[in-house]
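1. Give me the fold of what follows.
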Amino acid sequence: MARDTIDSTPVSGVSELAATLEAGCKPESDFRIGTEHEKFGFNLSDNSPIPYEGPRGIEAVLKGMEGLLGWERIEDNGLIIGLADPVGGGAISIEPGGQFELSGAPLENLHQTCRETNCHLAQVRQVAEPLGIGFLGLGMTPTWAREDVPVMPKSRYQIMTRYMPKVGSLGLDMMYRTSTIQVNLDFSSEADMRAKMRVGLALQPVATAIFANSPFTDGKVNGFKSFRAEIWKDTDNDRSGPLPIAFQDGFGFETYVEWAIDVPMYFVKRGTTYHDVTGTTFRAFMNGALEGVIPDARPTLGDWNNHLSTLFPDVRLKKYLEMRGADGGPWRRICALPALWVGLLYDQGMLDQAEEMIRDWTAEERVQLRDEVPRLGLETPFRNRTVRDLAKDMVALSREGLKRRARLNDGGQDERVHLAAVEETLASGMTPADVMLRRYHGEWGGDLSKVFQAYAY
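-> Modelled structure (predicted):
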């Protein structure tokens, strides 16, 4: 989320909050695709992380992008922390450790998504390269220690940094050393949301395996295919995880709200000030717990929307659904991740088949998949098969869904062309992490500086 909201419309009850989610329902003809990706900025001279300030820092890159694009500046305490496209709806923001994020505009097809990605990466390079800055597409910083990563000057991140060590051992690693690709997708009704949520949650570990791209930590092999996914297992389990309530009978907007309002908040924003309210749930907030603690202590729609943005389940519900399981990676994978989910979830026939595929999976099996994939990737066992087998089934459905969508590019190709990177992974049986490890033990000769050359945009 690029900009914290300050909508002062008062909110008071569960049904009212559920209605804000239900407002996201739209006809299938209005479905859009919103793709987000993060990347690490580094000094081309020595592969070190770049600071916020100074002539060769994140601030300079943001100002350069502002001049290039003419987008609206987003500020925090007078400092530029992002940019918003006033026409298309996209945004650029920075994550806690300076990860540079594009939150793409809501687009009609995957060809537009890939074009947007390529344009953005070219623009970033145009601005950053003269400053001696490169950007790296991986799921986790391969060589930097946590204490070496600079802290970005966003007020909400200061609150989160103080809070994270109280609720998990790896939350600060999540904030400062990980990077992701995410796709945001629409739903037409509560039932459609429920089906997509369940399929998304059950198959998120499969997507994690396909896109696993974080096998190095602190300059060493860490023993995982996706250490980023391992980090999420001990970040803050009050607000993250596989969301078992989604598989209960009758799950819907109100069920999600009942879960969300019992999650402790991070902050409440009043004017330009962020008030630290960690430990207070949104339910307690609605019941008056912050009277006398913060100004205007009754919750608003802005407070609710900000709270929703601080929840981190594997699939997150707002007025749309966010698929959150993939490591950051090269540009082809930024296009491939939305392709995988669009083909699966935007064709009713394929969604029905995907629901049938996961229907008899038990809660224990879903948790086991999520627990084992970070280490084993595609070789994770599942019943008498492997995650690679599940991935092949998933991609076959996605391919058919994209074929049936029949959205063609200028060359007459449909959206299946964007699955190529995923199909290569499944044909070889090697995740991006496996490929990187082979290069590390082979041609790189154990020299991890090579990763900055091989995986820079």
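2. got a pLDDT number for Thr5?
-> At Thr5, the predicted lDDT confidence score is 64.
3. for Ala2, same thing?
-> Taking Ala2 on its own, its pLDDT is 47.
4. Same question for Ser12.
-> 83.
5. how much space is there between Asn237 and Pro244?
-> Distance check for Asn237 against Pro244: by CB to CB, to the nearest Å, it reads 12 Å. No exception for glycine: its C-beta is placed from N, CA and C like everyone else's.
6. Name the residues of the host helix or strand of Val395 that are buried.
-> Element membership for Val395 (DSSP states H and E) is helix 387-405. Under the neighbour-count criterion of 16 or more other CB atoms under 10 Å, helix 387-405 has 387-392, 394-395, 397-402, 405 buried.
7. Show me what it is packed up against.
-> Packed against helix 387-405 by the contact rule (3 or more CB pairs under 8 Å, 6 or more residues apart in numbering; DSSP states H and E) you find helix 190-210, helix 331-345, helix 348-358, helix 363-376, helix 420-428.
8. Glu254: which of those helices is closest?
-> Relative to Glu254, the nearest member of these by CB to CB is helix 190-210, separated by 9.3 Å.
9. Centre of the chain to that closest one, how far?
-> If you compare the mean C-alpha spot of helix 190-210 with that of the full chain, they lie 14 Å apart, counting by CA atoms, centre = their mean, to the nearest Å.
10. for that helix, what is the average pLDDT?
-> For helix 190-210, mean pLDDT rounds to 98.
11. May I have the biggest strand by length in the chain as CSV, with CA atoms only?
-> The strand spanning the most residues in the chain, taking DSSP state E as the definition, is strand 33-43. These are the backbone C-alpha positions of strand 33-43, laid out as CSV (Å, rounded to 0.1, in the frame of the first residue of the first chain):
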residue,chain,number,x,y,z
ILE,A,33,-5.0,-7.4,-12.8
GLY,A,34,-2.8,-5.4,-10.4
THR,A,35,0.8,-6.7,-10.1
GLU,A,36,3.3,-5.6,-7.4
HIS,A,37,7.0,-6.3,-7.3
GLU,A,38,9.8,-5.3,-5.0
LYS,A,39,13.6,-5.2,-5.7
PHE,A,40,16.7,-4.4,-3.8
GLY,A,41,18.8,-1.3,-4.6
PHE,A,42,22.6,-1.8,-4.4
ASN,A,43,25.8,0.1,-5.2
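12. Strands of the stretch 1-150 of the chain, start to end?
-> Counting by DSSP state E, counting those that start in this stretch, one finds strands in the stretch 1-150 of the chain at the ranges 33-43, 72-76, 79-84, 91-94, 100-103, 133-136.
13. Adding mean neighbour count and distance to Cys119, write these out as JSON lines.
-> Compiled in JSON lines, these are given as follows (neighbours: other CB atoms under 10 Å; distance: least, CB to CB, whole Å):
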{"stretch": "strand 33-43", "mean neighbour count": "24", "distance to Cys119": "13"}
{"stretch": "strand 72-76", "mean neighbour count": "15", "distance to Cys119": "18"}
{"stretch": "strand 79-84", "mean neighbour count": "21", "distance to Cys119": "14"}
{"stretch": "strand 91-94", "mean neighbour count": "23", "distance to Cys119": "12"}
{"stretch": "strand 100-103", "mean neighbour count": "23", "distance to Cys119": "10"}
{"stretch": "strand 133-136", "mean neighbour count": "23", "distance to Cys119": "15"}
